[in-house]
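Student: I would like the atomic coordinates for the input below:
(one chain, ligands or ions: 1)
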Amino acid sequence: MTGSSHLVPVVEAQGVKVSFGAVRALAGVDLVIRPGECVGLVGHNGAGKSTIVNVINGGLSPHEGTIAYEGEAPGRHGIASARNHGVRCVFQELSLCPNLTVIENMRVMHRALNGWNWRSKAVAAITGKLGEIFPGHRIDCSRAVGDLSIAERQMVEIATAFADVGQKPKLVILDEPTSSLDASLAEQLLAHVRTYVVGGGSIIFISHILGEVLSTATRIVVMKDGRVVADRAAGEFTQAKLVQAMGSVVAEKKDARAARVLKSTAPILSLPPRGGRGMPFEAFSGEIVGLAGLSGHGQTDTLVDLFHSHSGNWLQRSNPAVAFVAGDRGYNGTFPLWSILKNMSIASLGDVSRATFVDSGHEAELGEQWKRKIEIRTQDMDNGILSLSGGNQQKVLFARALAVRAPVVLMDDPMRGVDIGTKQEVYGILRSEAEKGRTFIWYSTEMEEVCICDRVYVFNAGAIVAELTGSDISEDNILAASFTEAVASKAVIGGSIA
Ligand SMILES: Nc1ncnc2c1ncn2[C@@H]1O[C@H](COP(=O)(O)OP(=O)(O)OP(=O)(O)O)[C@@H](O)[C@H]1O
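Tutor: Numbers count the residues shown, from 1 in each chain. A predicted model of the protein is given here:
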């Protein structure tokens, strides 16, 4: 118990059970959040974290059990009750309206922003909060949210939740809040969370990046298969103890890089320096090439350029040259009205068809094979894709790309929301596929992932400013290069930072 144990809980869930058809998402969860606590909530994909958060947020009513806000039972409208008690939520699937500006979204989220001058109040509230949490940000709040990068949207969503408009937030729920933020933005957010908690606010912090949970939470709750299996002060956990409590088997880290030098052959992919600045891009057969640097500095644009330059035909071929794994699954990854199987097999229709007709037996077999291989947690691949937890949806996008025989796979920060056990599985698949000659171009906002690549290009201001190989691939070198200005293409020498 922490020093806040005598305070009235901001929220208290007791014996909460929720089922979706035959799926028991929560099997009797007790969770108490007190003022001045940051509770880290961890667990495998599908453990029930987002579901308990939806119950606390008032979006879902428990089928059994109770929920109370500051000791009071909720009224008929759960979301309104939660909000009146200062509960705010930043969802894993970002929820702002893309066709409205940042300022207009503030108006939608905060009803207190009304009257003839609501716009200037909204500008003051959002710019103030963005500046406080992410000092130095360059977000123009008059832009439509749909025109912002995914990292910027995540920042806006976070600042909107913390904004103090009419009523101070008492509990802010952050579901995978750093999944699209680079290391320095993530650190700014974690620093803000610590300050907020010291000031008496409460946080529920959900993340699969265990290091940030351990460094930020005051208490950690571990969920497994819809139940709480551990609930202790954060200081009592180590990374290994957390993994053990989650029930994940994590393979020992190997030096996956082994300084593979594959440059003797001709490049399989190449691009000239972006905008005539920095270095050209090249990738060789059998390589895992990492794209690093602060988010929004040209990595995704490079992936899109590579995709267009190698697929530029609208007619789908059965053996495409490149496959793409989207990171922003809601925006350009999943087909929300389709089944899990259809979402997975769409890229492999050539392989599962006979005489232009889809062979449903063959398609189902492919689905079962990938379900087993990367443990997609569902009873039936014919269920809708939205019945899966966020991390499991991301696994389907992986399976879609890996199931096709494309020699090159482009990956746009594809591990958002994927749990630690599955990540290790996927790393193993990538490595063994690379050894068979496949090439992976992998943009990641997670330093640990960048560091297992064979070769890394660091981006800054839209250009490649450094190329790192072997033991030069380190967090320090990547961060140093991330702040290096790109000049003429010859000013940066491969293998070192100019
Ligand atoms: N709308 C839904 N319809 C059917 N099943 C659902 C629905 N929402 C969630 N589930 C199921 O409930 C279980 C818990 O899902 P939940 O999203 O809470 O997991 P999670 O711990 O947040 O996972 P992740 O780390 O992947 O986000 C999963 O088995 C999921 O497939």
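
Student: domain parsing for the protein?
Tutor: Under automatic domain parsing, the residue ranges defining each domain of the chain are 11-246, 250-321+406-498, 336-388+396-403.

Student: measure stretch 55-73 end to end?
Tutor: 13 Å (Cα to Cα, to the nearest Å).

Student: and that stretch, how far from the chain's centre?
Tutor: Centroid separation for stretch 55-73 versus its chain: 27 Å, with Cα atoms, centre = their mean, to the nearest Å.

Student: and that stretch with the ligand, contact?
Tutor: No. Contact of stretch 55-73 with the ligand is not found when judged by Cβ under 6 Å from any ligand atom; the minimum separation is 9.1 Å. Every residue, glycine included, has its C-beta placed from N, CA and C.

Student: Where do the helices of the stretch 101-250 of the chain begin and end?
Tutor: Using DSSP state H, counting those that start in this stretch, the helices found in the stretch 101-250 of the chain span residues 102-109, 118-133, 150-162, 183-198, 210-216, 239-246.

Student: CA-only coordinates of the third one in CSV, if you can.
Tutor: As requested, the backbone C-alpha atoms of helix 150-162 are provided in CSV (Å, rounded to 0.1, in the frame of the first residue of the first chain):
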residue,chain,number,x,y,z
ILE,A,150,0.2,10.0,-36.1
ALA,A,151,2.7,11.3,-33.5
GLU,A,152,1.2,14.8,-33.6
ARG,A,153,-2.4,13.4,-33.3
GLN,A,154,-1.3,11.4,-30.3
MET,A,155,0.2,14.5,-28.7
VAL,A,156,-3.0,16.5,-29.4
GLU,A,157,-5.1,13.7,-27.9
ILE,A,158,-2.9,13.6,-24.7
ALA,A,159,-3.0,17.4,-24.3
THR,A,160,-6.7,17.5,-24.9
ALA,A,161,-7.2,15.0,-22.0
PHE,A,162,-5.0,16.9,-19.6
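
Student: What are the contacting residues of that helix?
Tutor: Contacts to helix 150-162, defined as Cβ atoms under 8 Å, 6 or more residues apart in numbering, come from residues 88-91, 94-96, 102, 105-106, 109-110, 126, 129-130, 133-134, 137, 139, 141, 145, 148, 169, 172, 174, 177, 179-182, 185, 189, 192, 196, 295-296, 327-328, 331, 445.

Student: The fourth one now?
Tutor: The contact list for helix 183-198, computed with Cβ under 8 Å, 6+ apart, reads 36-38, 132-135, 151, 155, 158, 162, 172, 174, 177-178, 181, 203, 205, 212, 215-216, 218, 294-295, 445, 447, 475, 479.

Student: how about 6 Å then?
Tutor: The contact list for helix 183-198 (Cβ atoms under 6 Å, 6 or more residues apart in numbering) reads 36, 38, 133, 134, 178, 203, 212, 216, 447.

Student: Can you turn the buried part of the contacts of helix 150-162 into a PyMOL selection?
Tutor: Selecting the buried subset of the contacts of helix 150-162 in PyMOL, with 16 or more other Cβ atoms under 10 Å as the burial test, is done by:
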select buried, resi 88+89+90+91+94+96+102+105+106+109+110+126+129+130+133+134+137+139+141+145+148+169+172+174+177+179+180+181+182+185+189+192+196+295+296+327+328+445
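
Student: and the contacts of helix 150-162, which of them are in strands?
Tutor: Using DSSP state E, the subset of the contacts of helix 150-162 located in strands is 88, 89, 90, 172, 174.

Student: pLDDT and distance to residue 453 for those residues - can I get that in TSV?
Tutor: Below are the ones in strands among the contacts of helix 150-162 laid out as TSV (pLDDT from 0 to 100; distance: Cβ to Cβ, whole Å):
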residue	pLDDT	distance to residue 453
88	94	37
89	92	34
90	91	30
172	96	34
174	95	28
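
Student: Need the residues you listed in TSV (columns: distance to the ligand).
Tutor: Output for these, formatted as TSV (distance: Cβ to the nearest ligand atom, whole Å):
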residue	distance to the ligand
88	18
89	13
90	13
172	17
174	13
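
Student: Nearest to residue 66, out of those residues: which one, please.
Tutor: Checking the ones in strands among the contacts of helix 150-162 against residue 66 with Cβ to Cβ, the nearest one is residue 89 at 19.6 Å.

Student: Pretty sure the closest one sits against residue 58.
Tutor: No. Using Cβ atoms under 6 Å, residue 89 makes no contact with residue 58, being 9.2 Å away.

Student: Lowest mean pLDDT across the domains of the chain, which one is that?
Tutor: When the domains of the chain are compared on mean pLDDT, domain 250-321+406-498 scores lowest, with a mean of 77.

Student: Just to be sure, residue 337 is in a helix?
Tutor: No. Counting by DSSP: H, G, I helix; E, B strand; the rest coil, residue 337 is not part of a helix but coil.

Student: Give me the neighbour count for it.
Tutor: 10 (other Cβ atoms under 10 Å).

Student: Would you list the phi and psi of it?
Tutor: Main-chain torsions, residue 337, degrees, to the nearest 10: phi -90, psi 0.

Student: What separation is there between the closest residue to it other than its chain neighbours and residue 229?
Tutor: In this structure, residue 337 finds its nearest non-sequential neighbour in residue 384, 7.4 Å apart by Cβ to Cβ, 6 or more residues apart in numbering. With distances taken as Cβ to Cβ, to the nearest Å, residue 384 is found 29 Å from residue 229.

Student: Please apply the same query to residue 352.
Tutor: In this view, residue 352 and residue 229 are 39 Å apart by Cβ to Cβ.

Student: Of those two, which one has the most company?
Tutor: Legend: neighbour count by other Cβ under 10 Å for residue 352 and residue 229, higher for residue 352 (20 against 14).

Student: For that one, give me its contacts.
Tutor: 345, 359, 362, 363, 366.

Student: Now do the strand or helix carrying residue 290 against helix 183-198, angle only.
Tutor: Using DSSP states H and E, residue 290 sits in strand 288-292. Per axes from the mean of the first three to the mean of the last three Cα atoms, to 10 degrees, the angle that strand 288-292 makes with helix 183-198 is 60 degrees.
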